[in-house]
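>>> with the input below, show me the fold.
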Amino acid sequence: MALAKQLFDRIRSRRTQLGLAIRVTVAATAAYALATALHLLLPLWAVLTSLIVTQMSVGRSLKATRDYLLGTIGGAIYGGAIAILIPYSSEAGLLGLLVLSVAPLAFIAAINPSLSAATVTAVIVLLVPTMHHSDPMASAIDRVSEVGVGAVTGLLVSFLVLPSRAVRQIRASAAGLLELIADAFTELLAGLTRGRDNDALHRIQDGIGTAMVGLNAIGAEAERERAARLSGGPDTGPLLRTVLRLRHDVVMIGRATVVPLPIEVQTRLAAPLTEVSTAIAHFLRLAAAAMRQGAGAPPIHPVHVALQHYAEAVAAVRQDGLIRGHSGDTAERFFAIGFSLEQMHQNLCDLDRVVGEWSEAAAGKSVRVAE
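A predicted model of the protein is given here:
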């Protein structure tokens, strides 16, 4: 029983990936059946196209379908025109046409990767007639038909079979990124009094960078869905900008905390720094949970209080002259920490507002579903 529950929980945690596997399977099967029923020359291309355009989210499927269709149509027109307008009667002539077909389209694809299908299509349109003894025009029409069937099938499956919206995915992605930022922030502030584990910090920072790239990609997909009126929800821009600024705050704090503070300053600031670290990390993790669950924004008041206590402790340190007599680099880092924390405070207030907006949107959607 426990093993079954563990297996169920593991599968449930991968439900997005499982949904994609089911959609891809359905799309490939449906594309082959439809291509066979329509007596297309090469059902293989319909199946391959359906695999290409069936993506993790509806927004990504829309982009893949658009790019692949545009590339295919462009490549079919160009390859067919080359084959029709420049006749050949030898292998050398065919080789010359192949160069003339591939070179320009490969150059265009290098500039605009979304048109990479054009090169493949032009080659197929040019070479398939030599194998099946058909004319280039028929080859171009067959290729566009096969790709069209696969693209439409894959897109319909993306809409109808366990559809996955990027708007939902962005919640989980943003939540994971906020948790990584909380871990990095805790490690950085701890380094002011005990030194820091640079290996652990590098792992966290690398994870933040990778997660940020993924979040931006999902954000673009979510905006594509919103533009096509396929999903609602708040504008993703404020969320992406706020999370990016928080990442920059962590980078700034990292530069200011390369080495621990002087011992006498550590003693005075240890307690307020611990309070700041606990309050901000806790707020970030609660915000992450709120993003995942669509719950209300967590209380930010403890962050205000902790930073106020830190500001008072810094003022006392300056008044007592504990920074005097130390190197300019030490003084610069001391003030940079305060500036970075103040910037982070402002961005956490923005995060509080953004999480509230996403929570309100989720609550509104739940109400509409219930009605």
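>>> residue closest to the middle of the chain?
The centroid of the chain falls nearest to Gly214 when counting by C-alpha atoms, centre = their mean (2.4 Å).
>>> that one: which element?
helix 198-227 (DSSP states H and E).
>>> can you give the distance of that helix from its chain's centre?
Centroid separation between helix 198-227 and its chain, computed with C-alpha atoms, centre = their mean, to the nearest Å, is 5 Å.
>>> for it, what is the average pLDDT?
In this model, helix 198-227 has a mean pLDDT of 81.
>>> what packs against that helix?
Judged by 3 or more C-beta pairs under 8 Å, 6 or more residues apart in numbering; DSSP states H and E, the packing partners of helix 198-227 are helix 58-85, helix 166-194, helix 236-256. In short, each C-beta sits where N, CA and C put it, glycine included.
>>> the second one to helix 198-227, inter-axis angle?
Right, the one you point to is helix 166-194. Going by axes from the mean of the first three to the mean of the last three C-alpha atoms, to 10 degrees, helix 166-194 is angled at 160 degrees with respect to helix 198-227.
>>> show me what helix 166-194 is packed against.
For helix 166-194, the packing partners by 3+ C-beta pairs under 8 Å, 6+ apart come out as helix 58-85, helix 198-227, helix 236-256, helix 263-293, helix 328-370.
>>> would you list these in TSV and tack on distance to Leu127?
Below are the helices and strands packed on helix 166-194 laid out as TSV (distance: least, C-beta to C-beta, whole Å):
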stretch	distance to Leu127
helix 58-85	9
helix 198-227	35
helix 236-256	44
helix 263-293	51
helix 328-370	51
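>>> please work out which of the ones you listed is packed deepest.
Neighbour counts (mean count of other C-beta atoms under 10 Å) averaged over each of the helices and strands packed on helix 166-194 peak at helix 58-85, with a mean of 21.
>>> from the middle of its chain, how far away would that helix be?
26 Å.
>>> residues contacting Ile204?
The contact partners of Ile204, by C-beta atoms under 8 Å, 6 or more residues apart in numbering, come to Leu180, Asp183, Ala184, Glu187.
>>> how much space separates it from Glu187?
Using C-beta to C-beta, to the nearest Å, one obtains 7 Å as the distance from Ile204 to Glu187.
>>> one step back: least confident of the helices and strands packed on helix 198-227, on average?
Among the helices and strands packed on helix 198-227, helix 166-194 carries the lowest mean pLDDT, a mean of 85.
>>> so which bits of it are buried?
Residues 166-171, 173-193 are the ones in helix 166-194 that count as buried (16 or more other C-beta atoms under 10 Å).
>>> pull out the buried residues from the helix or strand harbouring Arg318.
Element membership for Arg318 (DSSP H and E) is helix 301-319. For helix 301-319, the neighbour count (16+ other C-beta under 10 Å) marks Val303, Ala306, Leu307, His309, Tyr310, Ala311, Ala313, Val314, Val317 as buried.
>>> so who does the residue nearest to the fourth one when sequence neighbours are not counted touch?
So that's His309. Leaving aside its sequence neighbours, His309 sits nearest to Pro272 (C-beta to C-beta, 6 or more residues apart in numbering; 4.9 Å). By C-beta under 8 Å, 6+ apart, the contact list for Pro272 reads Ala306, His309, Tyr310, Glu312, Ala313.
>>> 10 Å instead?
Neighbouring residues of Pro272 by C-beta atoms under 10 Å, 6 or more residues apart in numbering: Ala306, Leu307, Gln308, His309, Tyr310, Ala311, Glu312, Ala313, Val314, Ala316.
>>> appreciated, that's everything.
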